[in-house]
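K.L.:
What follows is a predicted protein model with its sequence.
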Amino acid sequence: MKTVLLDTGPIVAYLSLKDTHHAWAVAALGQLRPPLLTCEPVLAEAVYLLRGLPSGSARVFELIRRGAVTVGFRLADELEPVQRVIERYGPSRMDLADACLVRMSEVYADPVVVTIDSQFRDVYRRHGRKTIPTVLPSLPRRRPT
């Protein structure tokens with residue numbers, strides 16, 4: 001069974017009807033068994049990004065309260081490895097939430113990151129060289145010109 005690691009984008013998309021990826025997030029998260037693991041920087045980003053919605057932050061907290069999402073990572077215990085991940089990519093290319101998720105993908109067995117950020121598939125690597133399994137929204141098909 002895969003360990004599901006949840007990024008900010010799907011949380012925001014799931015809770016915001018106006019988000020481009022809302023339907024995808026509802027479908028994707030509806031197929032997964034809770035709890036979905038994340039880190040506090042992801043939750044901080046989600047609360048910030050949902051600040052304009054009525055009860056936006058309360059809805060993030062409700063996901064935690066219901067047990068749908070849980071914090072499965074303690075930054076204080078993983079400070080050095082997370083810092084090395086950020087240094088590998090450069091602080092201008094990777095934020096703390098992404099670095100924590102990359103580290104979580106190294107710590108947990110059989111991980112998959114649910115995200116809208118293709119960098120988890122195309123750029124970031126776990127253990128320095130291994131591709132990170134991801135669940136991403138499908139890219140729209142390009143019509144031939």
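P.N.:
Yep, it's here.
K.L.:
which helices and strands does the helix or strand hosting residue 26 pack with?
P.N.:
Residue 26 belongs to helix 22-30 when elements are defined using DSSP states H and E. In terms of contacts (3 or more CB pairs under 8 Å, 6 or more residues apart in numbering; DSSP states H and E), helix 22-30 is packed against helix 8-15. Heads up, the C-betas are built off the backbone N, CA and C, glycines and all.
K.L.:
Now do the helix it packs on, average pLDDT.
P.N.:
The pLDDT scores in helix 8-15 average 97.
K.L.:
now the strands for the protein?
P.N.:
Taking DSSP state E to define them, one finds strands in the chain at 3-6, 36-38, 69-71, 111-114, 125-126, 130-131, 134-135.
K.L.:
Include distance to residue 102 and mean neighbour count when you put those strands into a markdown table, please.
P.N.:
Putting these into a markdown table (distance: least, CB to CB, whole Å; neighbours: other CB atoms under 10 Å) gives the following:
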| stretch | distance to residue 102 | mean neighbour count |
| --- | --- | --- |
| strand 3-6 | 9 | 25 |
| strand 36-38 | 13 | 23 |
| strand 69-71 | 16 | 18 |
| strand 111-114 | 8 | 22 |
| strand 125-126 | 6 | 18 |
| strand 130-131 | 11 | 11 |
| strand 134-135 | 12 | 22 |
